[in-house]
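> Generate coordinates for the sequence data below:
(one chain, ligands or ions: 1)
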Amino acid sequence: MEFLASDALRGRGSGTADELIAATYIASELRAYGIQPAGDDGGYLQRANLIERKFTGSPTLTITTPADGKQITLINGKDFVVSYLTREQFSGPLQKIDLGKGDFQIRERSVVLIKGKDQHDARQTAFVAAAQGAAGVILAGPNEPEQFEAGARDLPHLKPQLEGQAGSAQGNINVLELSAGAIKLLEGVPEGTVLEFEGLAATEEGHTLNVVGKLRGSDPKLRNSVVMLSAHLDHLGIGPPVNGDNIYNGADDDASGVAAVLELARVLGAGPRPRRTVIFALFGSEETGALGSEYFGEHPPMELGKIAADLEFEMIGRPDPVVRGDRLWLTGWDRSNLGLALAAHGARLVADPHTEQNFFARSDNFGLAKKGVVAHTISSFGLHSDYHEPSDDLVHIDFKHLNAAIGALLAPMEWLVNSAFRPEWSEGGQP
Ligand SMILES: [Zn+2]
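Alright, predicted model coming up:
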């Protein structure tokens, strides 16, 4: 964790050279633990090609008032910055929402201006509005002029996609953050005013990396009922500075989960060979739409039907104050009988207490679950304020908790990888 979350790895940005270093390091650890490679061409790495659309000039947001057809053009890096983008063009009539005024109903294909005192709240609501069919969302932007300067210097890009994939893995989410002056201007125009975002973009090619290792089961029958342990190796990389720090170290998210998978690999690799085959998968590009795990789901090292269970480890570096002691929680607890079975074999595991956050659908397990694999995420994320901030660093890790949490999982994992237990979805539990 000390290495993965160090400044040397610059936040392990999805699809970057830093992600490659993290992946190479993890592969070397797996090799040292006696885990066999299960990636491309006899190695540990599995490479997924990505395509990314990047603007070649500053995109604009044009405001056309319905009454007189008068147009005002706002410019990226001057009047707004792009916060999240899955389309290079979007337009629609303006709808205004005030979070201080209670419930709202998003009008489909509108461009929604969200007003709220709390920026974190407004950002969360932006994703809700997008899910409800908004063509685009506009928020009050950062106050720091450097963020606008950075927006002008590094032209925005759309969220990357897997090569050959139709549509966006992230759905249709377009969020712009406007300067105080531009917000004022929008507040002054009536609802229904047409807003259009557009610009010229070109395709860039890239790739992301998964690390895949395998411990072949000793039992000729059970070895075809595979247990998979996973986490994501990427994080947010270098980003907007907060208090002078621009490295998003991602210690809890998700160097802690990688540490758990590596520690389980070390213990299982050192002991007598498990009866079942165990796959260790560390995914790239989770943070840009779970692209690595999606690619893995399409190019698994064995038929997906042979994978009996996947446990993804996410953010277990700090205790969750709403559960007792060093307990971890499992997302989608009621969706299958896996959580209960692990708890019955000594795992200090409880149901996810934050169901309103829909964490089951927010990590790598979800894509595999949609394909039928009984896949959940284990976590103890207590909604701390360092989430996705440069301050998610080693200083904020509770190593006593992390150590206890992983230690308590060893016995139930040893049971799982030696048993014939095959978890099943509950009625209606599979997404
Ligand atoms: Zn994560």
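> quick one, domains of the protein?
Domain ranges of the chain: 7-50+207-418, 57-199, per automatic domain parsing.
> Now the shortest one: average pLDDT?
Here the mean pLDDT over domain 57-199 is 90, rounded to a whole number.
> How about stretch 33-50?
98.
> Name the residues of that stretch that are buried.
Tyr33, Ile35, Pro37, Ala38, Gly39, Asp40, Tyr44, Leu45, Gln46, Arg47, Ala48, Leu50 (16 or more other CB atoms under 10 Å). (C-beta placed from N, C-alpha, C; glycine too.)
> rewinding a little: kindly compare burial across the domains of the chain and name the winner.
Stretch with highest mean neighbour count among the domains of the chain: domain 7-50+207-418 (a mean of 21; mean count of other CB atoms under 10 Å).
> Now look at that one and say if it contacts the ion.
Yes - using CB under 5 Å from the ion, domain 7-50+207-418 reaches the ion at Asp253, Asp254, Glu314.
> Distance across that domain, terminal residue to terminal residue?
End-to-end span of domain 7-50+207-418 (CA to CA, to the nearest Å): 39 Å.
> How about stretch 68-83?
So stretch 68-83: terminal residues 31 Å apart, CA to CA.
> starting at the chain centroid, how far to that stretch?
The chain centroid and the centroid of stretch 68-83 are separated by 30 Å, computed with CA atoms, centre = their mean, to the nearest Å.
> same thing with stretch 236-251?
16 Å.
> got the CA positions of that stretch in PDB?
Taking C-alpha atoms only, stretch 236-251 is exported to PDB below (Å, rounded to 0.1, in the frame of the first residue of the first chain):
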ATOM      1  CA  LEU A 236      -7.900   9.300 -10.200                       C
ATOM      2  CA  GLY A 237      -4.300  10.300 -11.000                       C
ATOM      3  CA  ILE A 238      -3.300  13.900 -11.100                       C
ATOM      4  CA  GLY A 239      -6.200  16.300 -10.800                       C
ATOM      5  CA  PRO A 240      -7.300  19.800  -9.600                       C
ATOM      6  CA  PRO A 241      -5.200  20.800  -6.600                       C
ATOM      7  CA  VAL A 242      -6.800  20.900  -3.200                       C
ATOM      8  CA  ASN A 243      -4.800  22.800  -0.500                       C
ATOM      9  CA  GLY A 244      -1.800  22.600  -2.900                       C
ATOM     10  CA  ASP A 245      -1.900  18.900  -3.400                       C
ATOM     11  CA  ASN A 246      -2.800  17.600  -6.900                       C
ATOM     12  CA  ILE A 247      -2.000  13.800  -6.400                       C
ATOM     13  CA  TYR A 248      -5.100  11.700  -5.800                       C
ATOM     14  CA  ASN A 249      -3.300   8.900  -4.000                       C
ATOM     15  CA  GLY A 250      -6.200   6.600  -3.600                       C
ATOM     16  CA  ALA A 251      -4.900   4.900  -0.400                       C
END
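> And for that stretch, what's in contact with it?
With contacts defined as CB atoms under 8 Å, 6 or more residues apart in numbering, stretch 236-251 is touched by 1, 4-7, 10-14, 16, 18, 142, 144, 146-147, 150, 234-235, 255, 287, 317, 388-394, 396-397.
> How about stretch 266-277?
Contacts of stretch 266-277 (CB under 8 Å, 6+ apart): 29, 33-35, 214-219, 222-227, 278, 302, 308, 410, 413-414, 416-419.
> want to try CSV for the domains of the chain, with distance to Gly428 as columns?
Shown next, in CSV, are these (distance: least, CB to CB, whole Å):
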stretch, distance to Gly428
domain 7-50+207-418, 8
domain 57-199, 21
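> neighbouring strands for the host helix or strand of Pro240, and are they parallel or not?
For Pro240, the host element (DSSP states H and E) is strand 237-242. Here strand 237-242 has these sheet partners by DSSP bridges: strand 245-248 (antiparallel).
> Next SSE downstream of the strand it pairs with?
helix 256-270.
> Please tell me how far that next one is from the chain's geometric centre.
21 Å.
> Quick check: what element follows it along the chain?
strand 278-283.
> name the helices or strands packed onto that next one?
Judged by 3 or more CB pairs under 8 Å, 6 or more residues apart in numbering; DSSP states H and E, strand 278-283 is in contact with helix 17-32, strand 201-215, strand 226-232, helix 256-270, helix 291-298.
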